[in-house]
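Colleague: using only what follows, build the 3D model:
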Amino acid sequence: AEGLDGAALRVLDAAAVVHDVGIPPALEKYGSAAGPCQEELGPPVARALMEGWPEDEIARVCWLVAHHHHDRDVTDPDHRALVEADWLVNLYEHGAAPEFAREIFESVFRTAMGKRLFQAMFKTE
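Modeller: Down below sits the predicted model:
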């Protein structure tokens, strides 16, 4: 929906699949799955999973994994899509209070598709 070309869409798809791979090592090392812990420990795991991929794609996926909780000053469309998708899933899975969800919607969501999905998932206008 954001007009990414084949290579960029392939990278985004890969990042979407592996973005939370830092959770198990973060729990083991820090006893926490907090965003900064995931972002620190996720890229090496993602890199190992992507053996055989082109290095530029691996590097971009690792960067996205390391920044998928950074929702300020997002300028790249793949990063924007991943951040918004992660928020959608996390808000839904954690049963976010409507007020909190609305706050996140207003401060994070910029893409037409992200806004549409949010509104459908949370029954808002």
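
Colleague: going by C-alpha atoms from here, please, whenever you check contacts or count neighbours.
Modeller: Will do.

Colleague: next up, the contacts around residue 24.
Modeller: Residues near residue 24 by C-alpha atoms under 8 Å, 6 or more residues apart in numbering: residue 33.

Colleague: please report how far it lies from residue 124.
Modeller: Between residue 24 and residue 124 the computed distance is 34 Å (C-alpha to C-alpha, to the nearest Å).

Colleague: give me the phi and psi for residue 51.
Modeller: phi -50, psi 130 (degrees, to the nearest 10).

Colleague: ok, how many other residues are close to it?
Modeller: 10 (other C-alpha atoms under 10 Å).

Colleague: quick one: low-confidence ranges for the protein?
Modeller: Across the chain, the ranges flagged by pLDDT under 70 are 125.

Colleague: go again using 90 as the cut-off
Modeller: 1-3, 5, 70-73, 75, 122-125 (pLDDT under 90).

Colleague: list the contacts for residue 4?
Modeller: Neighbours of residue 4 in contact, by C-alpha under 8 Å, 6+ apart: 77, 78.

Colleague: quick one: residue 96 from residue 90, how far?
Modeller: 8 Å.

Colleague: from residue 24, how far out is the closest residue to residue 67 other than its chain neighbours?
Modeller: Spatial nearest neighbour of residue 67, excluding adjacent residues (C-alpha to C-alpha, 6 or more residues apart in numbering): residue 39 at 6.4 Å. Remark: distance between residue 39 and residue 24 (C-alpha to C-alpha) = 12 Å.

Colleague: ok, now residue 87?
Modeller: Counting by C-alpha to C-alpha, the gap from residue 87 to residue 24 is 20 Å.

Colleague: before we move on, back to that, any buried residues in the helix or strand containing the residue nearest to residue 67, and which?
Modeller: For residue 39, the element it lies in under DSSP states H and E is helix 35-49. Buried positions in helix 35-49, judged by neighbour count with 16 or more other C-alpha atoms under 10 Å: 35, 36, 37, 38, 39, 40, 41, 42, 43, 45, 46, 47.
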